[in-house]
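A.B. asks: mind folding the following:
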Amino acid sequence: MSMLRTLTSIAVFVTALMSASAHEAATAPYHVGEAQREFAPSVARDWRGAKTERLITTLWYPVDPRILEQPHDIGFPGHAVFRGHPIAWGAPLSAATRKYPLIVLSHGTGGSANDLDWLASALAVNGYIVAGVNHPGNNALGPLTRAGFMLWWERATDVSEVLDALLSDPVFGMHVDRQRIGAVGFSLGGYTVLELAGARTDLKAFKRFCRSSAADAICHPPEMNRITTVAGDSPPAVMSPETLASIAKAGASYQDKRIKAVFAIAPALGEAFNGRSFADVRIPVSLTAGTSDMTAPPDTNVRRIARLLPTSDVVMVQGASHSTFLDTCVPQMIDQLARVCKDGSGIDRDAVHQQTARRVVGFFGHALRS
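C.D. replies: As a prediction, the model looks like this:
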């Protein structure tokens, strides 16, 4: 990274933090409300082999601080995995202001929107509505299907359709500031929000990389072992017409011009971008990842993206791994799910979350300022 770019990144980051402080002083503290929607997309999702054709979306939003929050953990009934932020389920949106900025959220492969509850809640506390979709065929709440796993570019259409539906929602739609919409994503969700910013995928380049001697862990994500063959989900040798049609448009633009800024956390698939992939990106982009990320190795992912998109700023978190950016696990799950729950020596996951949340709130406070 050049000295000029380094100084520019520092200046942008400091300005963002100053803007965040002003934004927080004006809006915080809110309590966190949570609700769920099931949006019916305009295009059926059943060809992905997903269990549901609806876009199941979690909403976090600011509520009056006098409304009591209740503790809540994340997982399945009687089997909590992550520690959640206290919430006021179904509480009314705060009437402190008429409109709020909106952040759409994209989770990682095989995860769910709730994996980023720590970040969504921090945004809600600071006056943002957050909408996180569970991508069909590629989330923890249903079978991980082959089509849902391999057709990454389709995820951007999920987010855009959730945005369509949310802006028409009778409860939240009228309260969204349509000039202040951003996107945040983790891992494959980081790739997704870059697509929404205007990045284009080079599928052939990624396949060449994974066939080469340089291939690394990004070519063999652990979630591949969870792929389930279900009705309508064809093996690679016998792809459905719908899957072939989707592959043919892998390199198309999935830009959503309503989105004015994106923040990508530990973004994956850096080798699926080429020197022309970011030509249409004209909005602010911020990147962050851990230096000890073995799932999406920094050199072929976040650092490669930063080189291809020199207008972005990037912050590397020393010693953090890929899973450091997931929610903090409840104590009883730490040993059972060591790959997800355990961090390297000296890493305090909660501290990394707090630092990253400040960066995200600061970035959007600056990039989406009125």
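A.B. asks: contact partners of the host helix or strand of Glu34?
C.D. replies: Secondary structure assignment for Glu34, by DSSP states H and E: strand 31-39. Strand 31-39 is contacted from outside by 52, 54-65, 67-69, 85-93, 121, 124-125, 161-162, 165-166, 169, 171, using Cβ atoms under 8 Å, 6 or more residues apart in numbering. All C-beta spots, glycine's among them, are computed from the backbone N, C-alpha and C.
A.B. asks: what do you get for stretch 204-217?
C.D. replies: Stretch 204-217 is contacted from outside by Ile218, Cys219, Leu269, Glu271, Ala272, Phe273, Asn274, Met294, Thr295, Ala296, Pro297, Thr300, using Cβ under 8 Å, 6+ apart.
A.B. asks: what do you get for stretch 288-297?
C.D. replies: For stretch 288-297, the surrounding residues in contact (Cβ under 8 Å, 6+ apart) are 187, 216-218, 221-222, 263-268, 270, 298, 301-302, 314-325, 344, 352, 356, 359.
A.B. asks: so how far is it from its chain's centroid?
C.D. replies: Taking Cα atoms, centre = their mean, to the nearest Å, the mean C-alpha location of stretch 288-297 is offset from the chain mean by 15 Å.
A.B. asks: and that stretch, how far apart are its ends?
C.D. replies: Terminal residues of stretch 288-297 lie 12 Å apart, using Cα to Cα, to the nearest Å.
A.B. asks: then stretch 297-313?
C.D. replies: Start-to-end, stretch 297-313 (Cα to Cα) is 18 Å.
A.B. asks: off-centre distance for that stretch?
C.D. replies: Centroid separation between stretch 297-313 and its chain, computed with Cα atoms, centre = their mean, is 17 Å.
A.B. asks: what is the mean pLDDT for it?
C.D. replies: Regarding stretch 297-313, the rounded mean pLDDT is 98.
A.B. asks: so for that stretch, what gets flagged as buried?
C.D. replies: If you call a residue buried by 16 or more other Cβ atoms under 10 Å, then stretch 297-313 has these buried ones: 297-298, 300-306, 308-309, 312-313.
A.B. asks: in the stretch 51-200 of the chain, which spans are strands?
C.D. replies: Assigned by DSSP state E, counting those that start in this stretch, the strands in the stretch 51-200 of the chain fall at 55-63, 73-76, 79-83, 88-89, 100-106, 129-133, 176-186.
A.B. asks: relative to Pro143, which of the ones you listed is closest?
C.D. replies: Ranking these by proximity to Pro143 (Cβ to Cβ) places strand 55-63 first, at 14.2 Å.
A.B. asks: now for the closest one, which elements pack on it?
C.D. replies: Using 3 or more Cβ pairs under 8 Å, 6 or more residues apart in numbering; DSSP states H and E as the contact test, the elements touching strand 55-63 are strand 31-39, helix 117-125, strand 129-133, helix 155-167.
A.B. asks: state the distance from the residue lying closest to Ala272 once chain neighbours are set aside to Ile218.
C.D. replies: Closest residue in space to Ala272, ignoring its immediate chain neighbours: Phe206 at 3.9 Å, by Cβ to Cβ, 6 or more residues apart in numbering. Here the distance between Phe206 and Ile218 works out to 9 Å (Cβ to Cβ, to the nearest Å).
A.B. asks: common neighbours of these two, please.
C.D. replies: Common contact partners of Phe206 and Ile218 (Cβ under 8 Å, 6+ apart): Leu269, Glu271.
A.B. asks: how deep is Val171 tucked in, by neighbour count?
C.D. replies: Val171 has 13 neighbours, counted by other Cβ atoms under 10 Å.
A.B. asks: surely it and Leu93 touch.
C.D. replies: Yes - using Cβ atoms under 8 Å, Val171 makes contact with Leu93 at a distance of 7.4 Å.
A.B. asks: follow-up on the earlier one: and the buried residues of stretch 297-313, which is closest to Val340?
C.D. replies: Of all those, Val340 sits closest to Pro297, with 18.0 Å by Cβ to Cβ.
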